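Trainee: using only what follows, build the 3D model:
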Amino acid sequence: MCPTCGAVFRDSARHCLRDGARLRPGEELDPRLGSQVGNFRLTGLLGRGSMGVVYRADHIFIPKRAAIKILHDKFKSEADLVTRFFQEALAATTIGHPNIVDVGDFGELADGCAYFVMEYVDGKPLDQILEEEGALPLSRAAGIAGQVAGALAVAHDKGIIHRDLKPANLMLKRRGAGEHVKVLDFGMAKMIDAPAGRPTKPGTLLGTPQYMAPETIQGRPADARVDIYALGVICYEMLAGRVPFDGTTLPGILRAQVQKPVPPLRTTNPRAEVPDAVEQLIMRALAKDPATRPPTMRDFAAALTTALAAPRSGKPKERPTPTPAPAALVPGSPEAQRVAEKMRQRMAEGETAELEADDAIATTQPLSQPFLRTLKGVGDTGRHPLASPPRDKGRK
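Mentor: Numbering: from 1, shown residues only. Next comes the predicted model:
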């Protein structure tokens, strides 16, 4: 943890990326570590966000591990934020999908801070995987995107919009030969049919700029297609190795999201092997006008399956025809004499010896000793016509 700004980093980090301060073990800086929440004891830090801190927790009586999210102290008296915090737990529980993290309990601590208990996912977040590995193969990226789309299609059917979809909120866990995705952090979720839900204050931006849909930035009415846009950005990043729009300033990123065309995926990563149909689908998801995007997340998932099954356009790469091995020449045979005579003629004419393909000799390669032995005794000289002349022993 950073002692200056409180940011939490992975074990490999040594200095804060925000202010450069040297990081210290979280146990030294977070007084909650070691304390008890319900039947769980907080044993480690998993992450720190704008609304709360996520801890690793172990059950006191049974061998069970969980993740517990606790609202920041400074927000415990903010009724709107407390409501939004519990709304995250309610959203995850309402959806009830295997690709969405399960919430088992929630409540309030003695100091008044709200908390809820989630299942512990023993895996890596997608942002860490992209940081370590770069662009992903198409099959792996498509598997991740398909699971996310399936989960959010169910969420949208139940009137829940995530609104902060990004790689950091996608946890990947190995399962057999594949990966199982868990969608996390519904803290920004919009529950359309919730009667107690309050509208977002005008001028408030919800989400992460690199994954934020243009209509959200412009303050226009937003629906479930903001999640389709964010998933389009994630697909682009998985295949290209970087997001479509990034920069050093927040205004620059937001302006690009609204105004600039998305760079072609294969221009950003020329080595990406992406079928045209898949790239076209990603570009549709990244359309500035939400009406041009796939209308629902279910439509996006179906279109992804179709695009992956479509034949790839373009002329397939031709495999080079292997060069046939030189045919063996029998000493004294007519073929050997013909080859030797042809080489003598070329040497006499002062030409660079370069035989045709039917000569069965590649003169651009070093002449092997077995081949020299094959021609030995052919002709008048008793040696290969292309072999270097004997050196004068009196010269150095």
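
Trainee: so what's the residue lying closest to residue 114 once chain neighbours are set aside up against?
Mentor: Leaving aside its sequence neighbours, residue 114 sits nearest to residue 71 (Cβ to Cβ, 6 or more residues apart in numbering; 4.5 Å). Glycine gets a C-beta too; all of them are placed from N, C-alpha and C. By Cβ atoms under 8 Å, 6 or more residues apart in numbering, the contact list for residue 71 reads 51, 52, 81, 82, 85, 113, 114, 115.

Trainee: for residue 293, same thing?
Mentor: Residues in contact with residue 293, defined by Cβ under 8 Å, 6+ apart, are 225, 228, 229, 232, 284, 285, 286, 287.

Trainee: per-residue confidence for it?
Mentor: Among the per-residue scores, residue 293 holds a pLDDT of 97.

Trainee: repeat that for residue 128.
Mentor: On the pLDDT scale, residue 128 is placed at 91.

Trainee: near it, how many other residues are there?
Mentor: Neighbours of residue 128 under the rule other Cβ atoms under 10 Å: 16.

Trainee: what ranges do the helices span in this structure?
Mentor: Per DSSP state H, the chain carries helices over the ranges 26-29, 79-95, 126-133, 138-157, 214-217, 225-240, 250-259, 265-268, 276-285, 297-309, 334-348, 369-375.

Trainee: so where's this protein shaky on pLDDT?
Mentor: 6, 10-12, 26-27, 191-206, 312-332, 336, 339, 343-344, 346-396 (pLDDT under 70).

Trainee: centroid residue for it?
Mentor: In the chain, the residue lying closest to the centroid (Cα atoms, centre = their mean) is residue 238, at 2.9 Å.

Trainee: leaving out sequence neighbours, find the closest residue to that residue.
Mentor: Closest to residue 238 by Cβ to Cβ, 6+ apart is residue 141, at 3.9 Å.

Trainee: isn't residue 274 right up against residue 265?
Mentor: Yes - with contact taken as Cβ atoms under 8 Å, residue 274 and residue 265 are classed as touching, separated by 6.0 Å.

Trainee: what is in contact with these two at once?
Mentor: With Cβ under 8 Å, 6+ apart, residue 274 and residue 265 have common neighbours residue 239.

Trainee: one step back: gap between the residue nearest to the centre of the chain and residue 38?
Mentor: Here residue 238 is placed at a distance of 37 Å from residue 38 (Cβ to Cβ, to the nearest Å).

Trainee: same deal with residue 294?
Mentor: Applying Cβ to Cβ to residue 294 and residue 38 gives a distance of 42 Å.

Trainee: more neighbours, those two?
Mentor: residue 294 (21 against 17).

Trainee: quick one: contacts for that one?
Mentor: 228, 281, 284, 285, 300, 303 are the contacts of residue 294 under Cβ under 8 Å, 6+ apart.

Trainee: try it again with 10 Å
Mentor: Going by Cβ atoms under 10 Å, 6 or more residues apart in numbering, residue 294 touches 149, 225, 228, 231-232, 281, 284-285, 287, 300-304.

Trainee: check residue 136 too.
Mentor: By Cβ under 10 Å, 6+ apart, the neighbours of residue 136 are 126, 129, 130, 142, 143, 144, 237, 238, 239, 240, 241, 272.

Trainee: could you redo the last one with a cut-off of 8 Å?
Mentor: Under the criterion of Cβ under 8 Å, 6+ apart, the neighbours of residue 136 are 129, 130, 144, 238, 239.

Trainee: separation between it and residue 227?
Mentor: 20 Å.

Trainee: likewise residue 335?
Mentor: Residue 335 is 73 Å from residue 227, by Cβ to Cβ.

Trainee: so for those two, which sits in the more crowded spot?
Mentor: residue 227 (27 against 13).

Trainee: wait, doesn't the more buried one sit right on residue 161?
Mentor: Yes - the criterion here is Cβ under 8 Å, and residue 227 meets it with residue 161 at 6.0 Å.

Trainee: picking that back up, as TSV, the contacts of residue 136 with distance to residue 59 would be great.
Mentor: Shown next, in TSV, are the contacts of residue 136 (distance: Cβ to Cβ, whole Å):
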residue	distance to residue 59
129	29
130	33
144	30
238	35
239	40
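
Trainee: if we can go back for a sec, ok, of the contacts of residue 294, which come out buried?
Mentor: Burial by neighbour count, 16 or more other Cβ atoms under 10 Å: within the contacts of residue 294 this picks out 149, 225, 228, 231, 232, 281, 285, 287, 300, 301, 303, 304.

Trainee: I figured the fifth one hits residue 279, correct?
Mentor: Same thing as residue 232. No - taking contacts as Cβ under 8 Å, residue 232 lies outside contact range of residue 279: 11.0 Å.

Trainee: on that earlier part again, what is the most widely separated pair among the contacts of residue 71?
Mentor: Spanning the widest gap among the contacts of residue 71 are 81 and 115, at 13.7 Å by Cβ to Cβ.

Trainee: for residue 142, which residues are in contact?
Mentor: 278, 304, 308.

Trainee: how about the contacts made by the first one?
Mentor: Just to be clear, that refers to residue 278. By Cβ under 8 Å, 6+ apart, the neighbours of residue 278 are 138, 142, 304, 307, 308.

Trainee: same check on the last one?
Mentor: By Cβ under 8 Å, 6+ apart, residue 308 lies in contact with 138, 142, 275, 277, 278.

Trainee: ok, now with 10 Å
Mentor: With Cβ under 10 Å, 6+ apart, residue 308 has these contacts: 138, 139, 142, 146, 275, 277, 278, 281.

Trainee: likewise the second one?
Mentor: Taking Cβ under 10 Å, 6+ apart, we find residue 304 in contact with 142, 145, 146, 149, 231, 235, 277, 278, 281, 282, 285, 294.

Trainee: got the phi and psi for the last one?
Mentor: I take that to be residue 294. phi -50, psi 130 (degrees, to the nearest 10).

Trainee: closest to residue 2 among the contacts of residue 71?
Mentor: Distance to residue 2, by Cβ to Cβ, is smallest for residue 52 among the contacts of residue 71, at 16.8 Å.

Trainee: related to what we said a few turns ago, the residue nearest to residue 114 bridge partners, please.
Mentor: Listed beta-bridge partners, residue 71: residue 52 (assigned using DSSP bridges).

Trainee: from residue 52, how far off is it?
Mentor: Residue 71 is 5 Å from residue 52, by Cβ to Cβ.
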